Each structure stands twice: as structure tokens, then as C-alpha cells.
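> fold the stuff below for me.
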Amino acid sequence: MYFFSLDAQGILGVVSARLFHHLPYYYARCSLAEDDGNIQFKSRRLHLGSLPAHFEGTYGPTNSKVDVESGSLEEFLTERYRYYTEAQDGSLRYAAIDHEPWPLYKADPTIETNTLFEANGFAYPETEPMHYYSPDVTTIASQNRRV
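Numbering: from 1, shown residues only. Prediction:
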């Protein structure tokens, strides 16, 4: 897994993740609220020196749990046990990740605003994305190391 950007509200967490784990965290003002089983999420990037980014949407599960089969695309997308990132000196870094399998549900999000693609320098995808929802998984990452 490779992270292009991660927006978070806690300034100490953002600074720590950037300094000690070389992860591309950006300070943002975020809000999260539950409404009738759906999650309403808003984020506005405020990080000094970064391009502005704004996301606003509602999401949640649409039906029963997805049976994630071995070798399936869902397994490939969610069963990742290492992340990669790039340090300021250009070196490639990684950390091992431990977690239980993600409980997955199909999702039908409503996205009101999304400028994250532009902020990361990407064009919007030409195909419809796949959407999944997972209520909660605890993850543990090892120390970040140079490849």
C-alpha cells in the first residue's frame, strides 16, 4: 500500500507521523457524525504550504457482509500487510502492518465535494469506483524502515 496523502485533525499526530514514520499526513479540520447508520464526514486541509483539499460525503453499508474470497479483488485491496512511503530525502521506506481481516460491506456513498485528486496532481478516474465500507479494524504498524 502506498499513501499519497492522509488528512487528519490532530496536529501532534500529523507532526509525529510526518517526522517519525515519513507518512504524508496533512493537518485538516475534520468532522465525523453518524446519522441513521451512515457516516457524515467532512475534511478541509489547512496544512501550511500544501495545496488546499476539501472532501465532504456520506457513506455506510448498503447490505449484508461481503464474502471476501481468497484471490479476489476485494482480498487484494484490503489484505495489505505493508505500507510504503517516501522520506524527504527521496528514500523509499516501509513498515509491516498487522490486522484482522477487514469486515467488508458494499457501500453507496454520496460525495458532495472532493478536491483530493487535484490536490495530489491526479486526474479523476474515467471509470466508476468500487465502494466498500468497514466498521472497524485495529491495526498495528512496525517501526518505519528504509527499503
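> my guess is K65 contacts L104. True?
Yes. The pair K65 and L104 qualifies as a contact (C-beta atoms under 8 Å) at a distance of 6.8 Å. C-betas here are computed from N, CA, C, even on glycine.
> more neighbours, the two?
More neighbours sit around L104 than around the other of K65 and L104, counting by other C-beta atoms under 10 Å; the figures are 19 against 11.
> surely the more buried one is in contact with H131?
No. Using C-beta under 8 Å, L104 is not in contact with H131, being 10.5 Å away.
> after the helix or strand containing E112, next one along is what?
E112 is part of strand 110-114, with elements assigned from DSSP states H and E. Per DSSP H and E, the first helix or strand lying C-terminal to strand 110-114 is helix 116-119.
> mean confidence for that following helix?
The average pLDDT for helix 116-119 rounds to 94.
> quick check: buried residues in it?
L116, A119 (16 or more other C-beta atoms under 10 Å).
> and the contacts of it?
Counting by C-beta atoms under 8 Å, 6 or more residues apart in numbering, the neighbours of helix 116-119 from elsewhere in the structure are S5, R45, S50, L51, P52, A53, F55, A123, Y124.
> among those residues, who's most crowded?
For these, counting by other C-beta under 10 Å, the largest number of neighbours falls to A53: 22 neighbours.
> that one touches T115, doesn't it?
Yes. Look at A53 against T115 with C-beta under 8 Å: they come within range, at 5.3 Å.
> and S16, how far from Y27?
When distances are taken as C-beta to C-beta, to the nearest Å, S16 and Y27 turn out to be 12 Å apart.
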